[in-house]
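Asker: With the input below, show me the fold.
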Amino acid sequence: MGEEHSITVRERILASEDFSHKKDTLMLYKNNLETLDKDFFTLVNGIIINEEQKGEVVEAMQQKTKTFRDKNENLLSQLDTEITRISNTLDDQIDDMKTQRMTITYEDTPSA
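Answerer: Residues are numbered from 1 along each chain as shown. As a prediction, this is how the structure comes out:
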């Protein structure tokens, strides 16, 4: 009787796929949010500035609006980064699920 040996390998059992179209879909929604934000702030500024409103209340509204706009821009920028990261992670996770770990055990028998 010969000596037993084992080898463990990862084998791809399904072909790789590109899921970058998922990123495009998410980016479309992010861009829609960005457009809505810009439209909203244009409208607010049009009401406050174009009508030449003055006073402490108007200045406070302008400051609050600017702060709100800056926060939204930062969130959209972070969202852009997260969408890219998540899309790459999704590709890696799916690709990993398409491989299978296999252990092959064989016996080393002497030649007759």
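Asker: and the strand or helix carrying residue 106, what does it pack onto?
Answerer: Element membership for residue 106 (DSSP states H and E) is strand 99-108. Secondary-structure packing of strand 99-108 (3 or more Cβ pairs under 8 Å, 6 or more residues apart in numbering; DSSP states H and E): strand 3-12. Where you see a C-beta, it was placed from the backbone N, CA and C, and this is true even at glycine.
Asker: Output the strand it packs on in CSV with nothing but the alpha carbons.
Answerer: Taking Å, rounded to 0.1, in the frame of the first residue of the first chain, the C-alpha atoms of strand 3-12 are listed here in CSV:
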residue,chain,number,x,y,z
GLU,A,3,1.5,6.7,0.8
GLU,A,4,-1.5,9.1,0.8
HIS,A,5,-1.2,12.7,-0.4
SER,A,6,-3.6,15.6,-0.6
ILE,A,7,-3.6,18.8,-2.5
THR,A,8,-6.2,21.6,-2.1
VAL,A,9,-6.9,24.1,-4.9
ARG,A,10,-9.4,26.7,-5.8
GLU,A,11,-11.0,26.1,-9.2
ARG,A,12,-13.3,28.4,-11.1
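Asker: Tell me which strands it pairs with, and in which orientation.
Answerer: If you go by DSSP bridges, strand 3-12 pairs up with strand 99-108 (antiparallel).
Asker: what about the residue nearest to the spatial centre of the chain, distance to residue 36?
Answerer: The residue lying closest to the centre of the chain (Cα atoms, centre = their mean) is residue 83, at 1.9 Å. As for residue 83, its distance to residue 36 is 17 Å (criterion: Cβ to Cβ, to the nearest Å).
Asker: One more: residue 12?
Answerer: Taking Cβ to Cβ, one finds residue 12 at 43 Å from residue 36.
Asker: Show me what the longest helix anywhere in the chain is packed against.
Answerer: Longest helix in the chain by number of residues, with DSSP state H as the criterion: helix 56-97. With contacts taken as 3+ Cβ pairs under 8 Å, 6+ apart, helix 56-97 sits against helix 20-48.
Asker: Thanks a lot, see you next time.
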